[in-house]
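S.K.: this is a predicted model, with the sequence first.
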Amino acid sequence: MKLTQAPLTLAVAIAIVGCQNAPVTGRNQLMLVPESQAIAASTDAYAQVLAPIRKAGKVDDDAAMKQRVDAITSRLVAQAVKYRPETASWDWQVAVIDDPKTLNAWCMAGGKMAIYTGIITQLSLTDDEIAQVMGHEIAHALAKHSAERMSTAMASQVVLQVGAMLLGTSASSQMALQAAAVATTVGVQLPNSRAQESEADRIGIELAARAGYDPHAAPRLWAKMLAATGAEGKSDFLSTHPQNEKRQAALEELIVDMMPYYLDTSPRPTHPLAKA
Ligand SMILES: [Zn+2]
């Protein structure tokens with residue numbers, strides 16, 4: 001083996017050792033970081049992100065809005081837990097952040113969520129559409145996308161370091177790995193990949209339909225988002241959820257399969273949420 005091939009070989013070895021399949025879709029994932037580690041990092045990040053907002057009195061300050069979001073989210077979580085029963089022990093919670101200018105929502109590893117009032121008020125979201133937003137976000141957590149992104153970041157750092165060492169340049173691998181860890185701690189700030197996006201769309205529309213929310217709202221939500229914010233990257237939500245021109249068409253195609261879940265007349269269970 002030539003030395004220059006080593007980084008690639010290492011990367012392949014990492015990929016083989018750390019692969020798992022995503023729940024629901026079965027997609028192959030690089031998973032070097034255990035989900036428990038992503039959840040621990042998210043717990044700290046959640047507290048850090050919310051602390052200054054809470055201090056400013058902007059968390060859950062609108063009781064009606066909070067109740068509306070909680071009602072929708074608790075039905076979605078009840079469905080999520082059916083896919084992965086071990087997530088019943090997660091500390092599921094959602095913070096409604098009073099920020100009319102921000103169009104964003106996220107769910108960290110471990111079920112810690114937030115939605116900004118801007119996305120609800122600026123897009124005049126219906127309950128069905130809020131369910132699509134939160135269903136999509138919950139799907140990212142359910143499919144371990146934070147741990148996967150952390151793993152990808154870590155693998156690329158290792159490969160870069162090995163490459164630097166082989167080329168004889170001095171670099172502190174410890175520092176680089178720490179930098180990667182810091183960058184990935186707040187996983188909600190890193191963009192999702194296209195594969196993760198379409199996977200979250202697929203899982204999210206099903207969670208919402210099973211929770212009793214109209215699947216037609218899924219393509220409509222993205223149409224509203226684009227109409228309101230223009231091109232990709234002009235809202236926080238679109239910067240972390242790269243837009244794909246095929247997204248609305250793919251969601252439209254899923255509707256027919258989702259309708260039986262939506263039209264099912266059985267009661268829709270709820271899952272208790274912790275106080276955010
Ligand atoms: Zn997404």
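M.R.: Everything's here; your move. Numbering: from 1, shown residues only.

S.K.: now the helices for the stretch 1-150 of the chain?
M.R.: Per DSSP state H, counting those that start in this stretch, the stretch 1-150 of the chain carries helices over the ranges 6-17, 35-55, 63-83, 117-122, 127-142, 145-166.

S.K.: now the ones you listed in a markdown table, with mean pLDDT, distance to Ala109 and mean neighbour count?
M.R.: Where you see a C-beta, it was placed from the backbone N, CA and C, and this is true even at glycine. Listed next are the helices of the stretch 1-150 of the chain as a markdown table, based on pLDDT from 0 to 100; distance: least, Cβ to Cβ, whole Å; neighbours: other Cβ atoms under 10 Å:
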| stretch | mean pLDDT | distance to Ala109 | mean neighbour count |
| --- | --- | --- | --- |
| helix 6-17 | 51 | 20 | 13 |
| helix 35-55 | 89 | 4 | 16 |
| helix 63-83 | 97 | 13 | 20 |
| helix 117-122 | 96 | 21 | 20 |
| helix 127-142 | 96 | 6 | 27 |
| helix 145-166 | 68 | 4 | 20 |
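
S.K.: what's the closest of the ones you listed to the ion?
M.R.: helix 127-142 (5.4 Å; Cβ to the ion).

S.K.: which strands or helices does the closest one pack on?
M.R.: Judged by 3 or more Cβ pairs under 8 Å, 6 or more residues apart in numbering; DSSP states H and E, the packing partners of helix 127-142 are helix 63-83, strand 105-107, strand 112-116, helix 194-210, helix 217-229.

S.K.: who in the stretch 101-250 of the chain is up against the ion?
M.R.: Residues of the stretch 101-250 of the chain lying close to the ion by Cβ under 5 Å from the ion are 192, 197, 200, 241.

S.K.: Serialize those residues to TSV and add fields for distance to Ala209.
M.R.: Below are these laid out as TSV (distance: Cβ to Cβ, whole Å):
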residue	distance to Ala209
Asn192	22
Glu197	19
Ala200	15
His241	20
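
S.K.: any low-confidence regions in the stretch 151-276 of the chain?
M.R.: The stretch 151-276 of the chain contains residues with pLDDT under 70 at 155-190, 230-234, 242-245.

S.K.: which residue does it have closest to the ion?
M.R.: Nearest residue of the stretch 151-276 of the chain to the ion, counting by Cβ to the ion: His241, 3.8 Å away.

S.K.: for that residue, give me its contacts.
M.R.: When contacts are counted by Cβ atoms under 8 Å, 6 or more residues apart in numbering, His241 touches 136, 191-192, 197.

S.K.: now, of these, which are buried?
M.R.: Buried members of those, counted by 16 or more other Cβ atoms under 10 Å: 136, 192, 197.

S.K.: of all the helices of the stretch 1-150 of the chain, which lies closest to Pro260?
M.R.: helix 63-83 (14.4 Å; Cβ to Cβ).

S.K.: tell me what that closest one is packed against?
M.R.: Going by 3+ Cβ pairs under 8 Å, 6+ apart, helix 63-83 lies up against strand 93-97, helix 127-142, helix 194-210.

S.K.: of all the ones you listed, which one comes closest to Val24?
M.R.: By Cβ to Cβ (comparing all of those), the closest turns out to be helix 194-210, at 5.1 Å.

S.K.: buried set for that closest one?
M.R.: 196-210.

S.K.: between these, which sits nearest Trp222?
M.R.: Distance to Trp222 across the buried residues of helix 194-210 (Cβ to Cβ) is lowest for Asp201, with 8.7 Å.

S.K.: SS state for His255?
M.R.: Just so we're on the same page, residue 255 is Ile rather than His. Secondary structure state of Ile255, per DSSP: H, G, I helix; E, B strand; the rest coil, is helix.

S.K.: next, count neighbours for it.
M.R.: By the measure other Cβ atoms under 10 Å, the count of residues near Ile255 is 17.

S.K.: list the contacts for the residue lying closest to it once chain neighbours are set aside?
M.R.: With sequence-adjacent residues excluded and distances taken as Cβ to Cβ, 6 or more residues apart in numbering, Ile255 is closest to Pro215, at 4.6 Å. Shown in contact with Pro215 (Cβ under 8 Å, 6+ apart): 205, 208-209, 251, 254-255, 258-259, 262.

S.K.: cheers, nothing more for now.
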